[in-house]
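Visitor: Requesting a structural model of the entry that follows:
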Amino acid sequence: MLSLIEKAEEVVDQDSALRLQERIRKNQFTLDDFRDQLRAIRKMGPIEQVLGMLPGMGNLRQVSPEGVDGKALGRVEAIINSMTPQERRSHQLINGSRRKRIAKGSGTSVEEVNRVLKQFVQMQKMLKVVGGMQGGSGPRGMRKRMAALRSMMH
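Guide: I've put the predicted structure just below:
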């Protein structure tokens, strides 16, 4: 876990992390922010290696013989890049015809666009819970946020 944190610190600059933290706190997390986070993860190295640094994820290959699809992050980024700036700021604008356009522009399917939007909404909900929690930044606040995350994952 420590090596993952060290690797993340190498990739993410402090100013952008603080801006993101403020956007999350204000519930203003957008698809642009989501894309930026994906880019940061990709900069950390192959996704299998990054996930392997997480506790309990080291044996990921045993679960799936082909491992984790690192190209999936590229497809998600292509989908987000195929959206207009207005759509990235407000995903609720994306109706059926816009989804078709985005899929065509990203070389993916409408189902993949739907999956990305669903993942984004789930992440927004999770960040809203974590970012909106009171309790400060000390150990107590961290314990509360971790407990909320665990309850969301189960």
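
Visitor: What is the least confident helix or strand in the protein?
Guide: helix 60-63 (a mean of 46; mean pLDDT, DSSP states H and E).

Visitor: which other helices and strands contact the longest helix along the chain?
Guide: Criterion DSSP state H: the longest helix present in the chain is helix 110-132. The contact analysis (3 or more Cβ pairs under 8 Å, 6 or more residues apart in numbering; DSSP states H and E) places helix 110-132 against helix 14-25, helix 31-43, helix 71-81, helix 96-106, helix 139-153. Glycine gets a C-beta too; all of them are placed from N, C-alpha and C.

Visitor: for the first one, packing partners?
Guide: So the one you mean is helix 14-25. Here helix 14-25 is seen to pack against helix 31-43, helix 110-132 when contacts are counted using 3+ Cβ pairs under 8 Å, 6+ apart.

Visitor: Turn those into TSV, columns for distance to residue 25.
Guide: Conversion of the helices and strands packed on helix 14-25 to TSV gives the following (distance: least, Cβ to Cβ, whole Å):
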stretch	distance to residue 25
helix 31-43	13
helix 110-132	5
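
Visitor: Noted, bye for now.
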